[in-house]
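**Student:** Got a sequence here, can you build the structure:
(chains A, B, C and D)
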2 protein chains.
Amino acid sequence: MAHTRTSSKANPTDRRSGPASEAVEDYVKAIYAIAERGQGAVSTTALAERLGVAPSSVTAMCRRLDEMGLSKHEPYRGVELTPAGQHLALEVIRHHRLIELFLVEALGMPWDRVHDEAEVLEHYISEEVERRIAERLGDPARDPHGDPIPSPDFDVAADRTVPLSALDVGRTGRFTRVSDSDSRMLRYLDARDIRPGALLVVRGVEPFGGPVRVEVGGVEYALGPELVARMRVEAEPADAVS
Amino acid sequence: MAHTRTSSKANPTDRRSGPASEAVEDYVKAIYAIAERGQGAVSTTALAERLGVAPSSVTAMCRRLDEMGLSKHEPYRGVELTPAGQHLALEVIRHHRLIELFLVEALGMPWDRVHDEAEVLEHYISEEVERRIAERLGDPARDPHGDPIPSPDFDVAADRTVPLSALDVGRTGRFTRVSDSDSRMLRYLDARDIRPGALLVVRGVEPFGGPVRVEVGGVEYALGPELVARMRVEAEPADAVS
DNA sequence: ATCCATCTTTAGTCTCGTCTAAACTTCTGT
DNA sequence: ACAGAAGTTTAGACGAGACTAAAGATGGAT
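**Tutor:** As a prediction, the model looks like this:
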């Protein structure tokens, strides 16, 4: 009866049904994201930190997630998603990335501001709107930051990228994404016309935490090491544009 | 800290700040809608019925609304919105109607399915997205059901419409809206190409709760009395298309 | 092998928004 | 003028999701 999406109402014993709340979706997404890089179970503190929440809250939520069949929580050992949990995570990530791209394409919203908006809306669009957005965008494979958009049946394109910092001097890479979108980084790159798809040539690396000299479209930039660690590229064959 | 929109966290004594929760927005919108037609304060039961909630829940929420400065609740006498409450209601209604139109225009979603989607999203789009949607649609005055879209500064176009049921036989009216969108009615009208803007001529009224015979685009339809009471038209001068 | 720092969980509390049951107003009809 | 019906509010409870404080587990260094 109530309009909130979280109320289940049906059979109180059956926690497995009903739509997931915003909090549940956020936890599942966070577990997925942390598990993605870094193997094995996800620690309580890592999760708490990422979600900006007390560790004890994580423990409590993990119990609920377990009851819902979304995760397996081994006390003191961390938590892992079940297949159902992974599906939910991918569903939410798909929503997030489709919304980001849609906001850029349909509303001309700048690259660096779509993340926060998608962070909210991802929980509230219907499956029908998801489908229609995907259709309107031509079933895109990547969002505006270059992150892959999971397919409706939970396939994720394999990631063939490496951090720009891993590229040797002289090598060329196609800039594909900046992991874990930080608005300041995006604005910085945007202002220099460095966008996914651009070809980067590593011209040199300054020592002692110094910048990486990178050539993009004939112009050379000195990019800070933190940024370079977050920028991911697909390495081009060594004999490409030099 | 928390990601939920409802947590205030700042200064616990100052209830007036912070974004309104989904529930608060729903209550304010419902109070506004009921107050609109039907004068004076809004009764607890009317509100409870509209929101699908127990009357005692309404009383409790009204206290909170009062503390937030959004309403004035006179015990046993009903509740009225303060100016701040009216602004919030119009803000939410503006979101709702812009989203409805946007879903139709940008995603080709059918007329009768946009209401439920907007009912959720209205609480979650940012002001920036609101602005960009309005801009993309050319600052529209009406949503797909013909309801007026409040301006960003809370002006609502005066309603010059009457129920179709109030139109005398022989008179012509321009169909402008169907009040309180019911998906089944919308599908019914849609299937007959009766959409806002269409000119209707009342050909006759059958007695004893019988249908109203209405001509639209050269075709005559017999519309049930419940439907006719919900359809609102702008009466055309008596000497118009006859 | 054990001790201690760190991580994790338990225990208890809080707010929001809901509920049911019971008590209280208000209004209407006689 | 007042009894009863209808409408409203209070009282007490609950689930979700958060918090703090305290207790318990783990594992690395000695």
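**Student:** all contacts plus neighbour counts: C-alpha atoms, from now on.
**Tutor:** Noted.
**Student:** Is residue A:204 in a helix, a strand, or coil?
**Tutor:** strand (DSSP: H, G, I helix; E, B strand; the rest coil).
**Student:** now it: how far from residue B:135?
**Tutor:** Separation of residue A:204 from residue B:135 (C-alpha to C-alpha, to the nearest Å) stands at 46 Å.
**Student:** Buried residues in the helix or strand of chain A with the lowest mean pLDDT, which are they?
**Tutor:** Sorting the helices and strands of chain A by mean pLDDT, DSSP states H and E puts helix A:183-191 at the bottom, at a mean of 87. For helix A:183-191, a neighbour-count test (16 or more other C-alpha atoms under 10 Å in any protein chain shown) marks A:185-187, A:189 as buried.
**Student:** swap in stretch A:21-41?
**Tutor:** A:22-35, A:41.
**Student:** out of these, which touch chain B?
**Tutor:** Among the buried residues of stretch A:21-41, the residues lying close to chain B (C-alpha under 8 Å from any C-alpha of the partner chain) are A:22-23.
**Student:** From the buried residues of stretch A:21-41, pick the one nearest residue B:101.
**Tutor:** Of all the buried residues of stretch A:21-41, residue B:101 sits closest to residue A:22, with 25.8 Å by C-alpha to C-alpha.
**Student:** which one is that closest one nearest to, not counting chain neighbours?
**Tutor:** Distances taken as C-alpha to C-alpha, 6 or more residues apart in numbering or on different chains put residue A:123 closest to residue A:22, at 6.0 Å, once the chain neighbours are dropped.
**Student:** Which parts of chain A are helices?
**Tutor:** Ranges of helices in chain A, per DSSP state H, are A:22-36, A:44-51, A:55-67, A:83-107, A:114-121, A:127-136, A:183-191, A:225-230.
**Student:** quick one: which of the ones you listed is nearest residue B:116?
**Tutor:** Using C-alpha to C-alpha, these put helix A:127-136 closest to residue B:116, at 11.5 Å.
**Student:** The closest one relative to helix B:114-121, how many degrees between them?
**Tutor:** 100 degrees (axes from the mean of the first three to the mean of the last three C-alpha atoms, to 10 degrees).
**Student:** Flag every buried residue along helix A:127-136.
**Tutor:** A:129-134, A:136.
**Student:** Pass me the low-pLDDT residue ranges in chain A, would you?
**Tutor:** Counting by pLDDT under 70, the ranges of chain A that qualify are A:1-17, A:180-181, A:238-242.
**Student:** What residues does it have near DNA strand D?
**Tutor:** Proximity of chain A to DNA strand D, by C-alpha under 7 Å from any atom of the strand, involves residues A:6, A:15, A:21-24, A:52-58, A:61, A:64, A:76.
**Student:** Tell me the one among these nearest to residue B:47.
**Tutor:** Among the residues of chain A next to DNA strand D, and counting by C-alpha to C-alpha, the member closest to residue B:47 is residue A:6, at 21.0 Å.
**Student:** Any chance you could list what contacts stretch A:79-93?
**Tutor:** Contacts to stretch A:79-93, defined as C-alpha atoms under 8 Å, 6 or more residues apart in numbering or on different chains, come from residues A:25, A:28-29, A:31-32, A:35, A:40-44, A:62, A:69-73, A:122-123, A:149-150, A:152, A:154.
**Student:** Near DNA strand C, list only the ones from these.
**Tutor:** A:43-44, A:73.
**Student:** All good on my end, thank you.
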